[in-house]
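sequence plus the predicted model coming up.
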Amino acid sequence: MVLAADRAALRAGLHVGMPATKAQALVKGLIVKDAEPAGDTQALERLALWALRYAPIVAADPPDGLVIDTTGAAHLHGGEGAMVKTMVERLAASGIAARAAIADSWGSAYAFARCAARPVFVVPPGESAKAVLDLPIAVLRLPKDMIDALRVLGFERIGELASKPRAPLTHRFGPELGRRLDQALGRLNEPIVPVRPADLVEVRRGFAEPIGAAETIARYTSKLVTQLCEALEAKGLGARRLDLLFHCVDNRIEAIRIGTALPVRDAKRLTRLLCDKIETVDPGFGIELMSLAVTLAEPLSPRQTISSLIEEPETDVSGLIDTLANRVGESRLYRFAPFASDVPERSVQRVAPTAPITGETWPDHWPRPARLLPNPESIETVALLPDHPPVTFTWRGVRRRVKRADGPERVFGEWWKRDAELIAVRDYFQVEDEAGERFWIYRAGDGEDPDTGSHRWFLHGIFG
């Protein structure tokens with residue numbers, strides 16, 4: 001029996017459930033491999049562990065899916081859409097074709113990922129229950145024989161089932177149909193049991209009576225962090241990413257995730273970062289279990305503090321970086337560093353705030369503007385070709401007369417990147433207008449050969 005088929009097989013008319021002998025008869029030279037359910041399950045579990053970098057609550061959804069609770073973690077990756085897009089792209093780079101959807105419930109996300117994602121689909125909050133009504137009943141995670149029986153009765157869409165009285169359907173098909181329907185519509189909560197690595201550093205605290213007050217949660221968070229730091233110190237590790245999970249009595253799991261720029265096991269600092277997000281937790285009817293886990297750790301050797309009356313202690317801004325990164329997202333916090341390239345817009349790269357200084361510097365044989373525009377902006381000029389700067393130029397509707405100029409500085413294209421830059425050049429000029437403002441402009445081309453550029457003028461930067 002065919003249990004899985006790639007895109008080429010599907011295009012050839014094969015499908016899951018077809019007898020293997022029939023598939024081989026339809027397609028000459030068909031490549032057939034024996035299924036390995038145990039190996040597939042292990043691979044899916046490893047993939048779920050990999051997905052922990054995106055959110056603290058991840059579980060395998062056999063036979064071919066992952067379920068991820070993105071609550072409280074999506075903003076750290078630039079938002080829900082950017083997060084799932086990056087995830088799909090990284091999987092594709094590893095040879096894994098994937099589709100992803102974000103919705104209000106596990107059941108609806110399952111349905112959209114298989115019917116609407118091309119390859120990514122994000123449903124606005126609160127609209128999943130309405131949008132899922134147009135999807136086929138095959139995505140309700142029901143047994144195949146039940147799906148076939150429903151189709152015999154004329155049901156094709158989820159909305160057709162949802163509009164019918166529940167009692168007759170339950171009498172004929174059992175409670176499973178109503179349960180799956182409620183899960184897809186977001187009416188019934190479906191708990192996710194998160195996957196955990198075998199070597200995970202984790203501490204837990206259970207409660208005889210559920211807790212819910214923010215002050216109580218903060219107090220026990222501090223106790224858990226203290227225990228966790230002791231465990232990390234015993235292993236010589238520092239935390240880079242922590243997940244605090246709250247198991248609620250109504251079968252929900254709330255989560256807080258924080259990250260640090262450098263390995264940390266300072267209890268006060270980690271407690272402060274976690275407590276800053278307690279307000280995002282909805283305890284519901286109460287929390288019966290709290291677990292704190294280090295999902296990303298790195299070696300951290302003990303430091304010896306030396307007091308000196310002469311040397312000033314080195315300024316440590318990693319605490320500020322951690323606070324900002326957990327509020328606005330790690331991807332939005334960076335610094336600029338030089339990159340080896342003569343093309344100005346390529347000579348700058350974004351690096352992590354705590355990235356080591358490599359010693360690279362920008363070229364200093366010609367001055368560079370303090371502000372480089374994201375994209376060069378076209379300007380209208382009056383200039384004498386091929387080597388003279390403009391006499392006047394108009395930028396953003398303002399005409400400026402050039403009082404002083406220096407140049408040209410010729411910059412060649414990087415021919416190894418693309419053929420169009422093989423003979424392309426730019427001639428840069430530093431110009432100053434009558435008001436004393438200084439600009440960095442360039443002409444695309446050498447002023448003589450049209451193959452070297454369009455000979456149009458652009459403004460690329462502004463000197464301070």
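Everything's here; your move. Numbers count the residues shown, from 1 in each chain.

pLDDT weak spots in the stretch 201-350 of the chain?
Across the stretch 201-350 of the chain, the ranges flagged by pLDDT under 70 are 303-314.

can you give me the strands in it?
Listed in chain order, the strands of the stretch 201-350 of the chain (DSSP state E, counting those that start in this stretch) span 201-211, 237-248, 253-264, 287-299, 335-338, 348-351.

of these, which approaches Gly72 most closely?
strand 253-264 (5.8 Å; C-beta to C-beta). For the C-beta atoms, the positions are set from N, CA and C on the backbone; glycine is no exception.

what strands flank the closest one, and is each parallel or antiparallel?
Note on strand 253-264: by DSSP bridges, its sheet partners are strand 237-248 (antiparallel).

put the alpha carbons of the partner strand into PDB.
Extracted in PDB, the C-alpha atoms of strand 237-248 (Å, rounded to 0.1, in the frame of the first residue of the first chain):
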ATOM      1  CA  LEU A 237      26.500  26.000  32.300                       C
ATOM      2  CA  GLY A 238      24.800  29.300  31.800                       C
ATOM      3  CA  ALA A 239      21.300  29.800  30.500                       C
ATOM      4  CA  ARG A 240      20.700  31.400  27.100                       C
ATOM      5  CA  ARG A 241      17.000  30.600  26.800                       C
ATOM      6  CA  LEU A 242      14.500  29.800  29.600                       C
ATOM      7  CA  ASP A 243      10.900  28.600  29.400                       C
ATOM      8  CA  LEU A 244       8.600  28.900  32.400                       C
ATOM      9  CA  LEU A 245       5.500  26.800  31.900                       C
ATOM     10  CA  PHE A 246       2.300  27.200  34.000                       C
ATOM     11  CA  HIS A 247       0.100  24.100  34.000                       C
ATOM     12  CA  CYS A 248      -3.400  25.300  34.800                       C
END
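
between strand 201-211 and it, find me the angle.
Relative orientation of strand 237-248 and strand 201-211, computed by axes from the mean of the first three to the mean of the last three C-alpha atoms, to 10 degrees: 30 degrees.

if you count residues, where's the longest helix of the chain?
Ranked by residue count, the top helix of the chain under DSSP state H comes out as helix 214-235.

quick check: buried residues in that helix?
Neighbour-count burial for helix 214-235 flags 217, 221-222, 224-225, 228-229, 232 (criterion: 16 or more other C-beta atoms under 10 Å).

thinking again about what came up before, tabulate the strands of the stretch 201-350 of the chain in CSV, adding columns for distance to Glu360 and mean neighbour count.
Converted to CSV, the strands of the stretch 201-350 of the chain look like this (distance: least, C-beta to C-beta, whole Å; neighbours: other C-beta atoms under 10 Å):
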stretch, distance to Glu360, mean neighbour count
strand 201-211, 36, 14
strand 237-248, 26, 22
strand 253-264, 21, 21
strand 287-299, 25, 19
strand 335-338, 4, 14
strand 348-351, 10, 14
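
so which of the ones you listed gets nearest Thr392?
With C-beta to C-beta, the closest approach to Thr392 among the strands of the stretch 201-350 of the chain belongs to strand 348-351: 30.0 Å.

what lines up beside the closest one in the sheet?
Assessed with DSSP bridges, strand 348-351 is paired to strand 335-338 (antiparallel).

quick one: contacts for Val84?
100-102, 120, 122 (C-beta atoms under 8 Å, 6 or more residues apart in numbering).

over to Met1?
17-20.

give me the pLDDT for it.
Met1 is assigned a predicted lDDT (pLDDT) of 92.

how close does it get to Pro56?
Per C-beta to C-beta, to the nearest Å, Met1 is found 38 Å from Pro56.

quick one on the thing from earlier: in helices only, show me the contacts of Met1.
Using DSSP H, the contacts of Met1 in helices are Ala20.

where's the dip in pLDDT among the contacts of Met1?
Of all the contacts of Met1, Gly17 has the smallest pLDDT value, namely 88.

go ahead and confirm that one touches Val2.
Yes. Counting by C-beta atoms under 8 Å, Gly17 does reach Val2; the two are 6.5 Å apart.

more crowded one of the two?
Each of Gly17 and Val2 has its neighbours counted (other C-beta atoms under 10 Å); Val2 has more, 17 against 10.

before we move on, the earlier item: closest one of the contacts of Val84 to Lys277?
For the contacts of Val84, the residue nearest Lys277 by C-beta to C-beta is Ile102; the value is 20.5 Å.

and that closest one, what does it touch?
70, 80-81, 84, 109, 121-123.

any idea what it is bridged to?
Val122.

helix, strand or coil for the residue most central in space within the chain?
In the chain, the residue lying closest to the centroid (C-alpha atoms, centre = their mean) is Met83, at 2.9 Å. Classification of Met83 by DSSP: H, G, I helix; E, B strand; the rest coil places it in helix.

follow-up on the earlier one: can you put the buried residues of helix 214-235 in a markdown table and add distance to Val195?
Formatted as a markdown table, the buried residues of helix 214-235 follow (distance: C-beta to C-beta, whole Å):
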| residue | distance to Val195 |
| --- | --- |
| Ile217 | 25 |
| Thr221 | 23 |
| Ser222 | 27 |
| Leu224 | 21 |
| Val225 | 23 |
| Leu228 | 20 |
| Cys229 | 24 |
| Leu232 | 21 |
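
hmm, which two among those are most spread apart?
Maximum distance among those (C-beta to C-beta): 21.8 Å, for Ile217 and Leu232.

what's the separation between the closest residue to Val203 other than its chain neighbours and Asp266?
Nearest residue to Val203 in three dimensions, chain neighbours excluded: Gln227, at 4.5 Å (C-beta to C-beta, 6 or more residues apart in numbering). Gln227 sits 14 Å away from Asp266, going by C-beta to C-beta.

what's the longest strand in this protein?
In the chain, taking DSSP state E as the definition, the longest strand is strand 398-412.

and that one, what does it pack onto?
Counting contacts by 3 or more C-beta pairs under 8 Å, 6 or more residues apart in numbering; DSSP states H and E, strand 398-412 packs against strand 390-395, strand 425-433.

report the inter-axis angle for that strand versus strand 390-395.
Using the same axes, to 10 degrees, strand 398-412 lies at 110 degrees relative to strand 390-395.

neighbouring strands for strand 398-412, and are they parallel or not?
When DSSP bridges is applied, strand 398-412 pairs with strand 390-395 (antiparallel), strand 425-433 (antiparallel).

right, I'll call it a day here.
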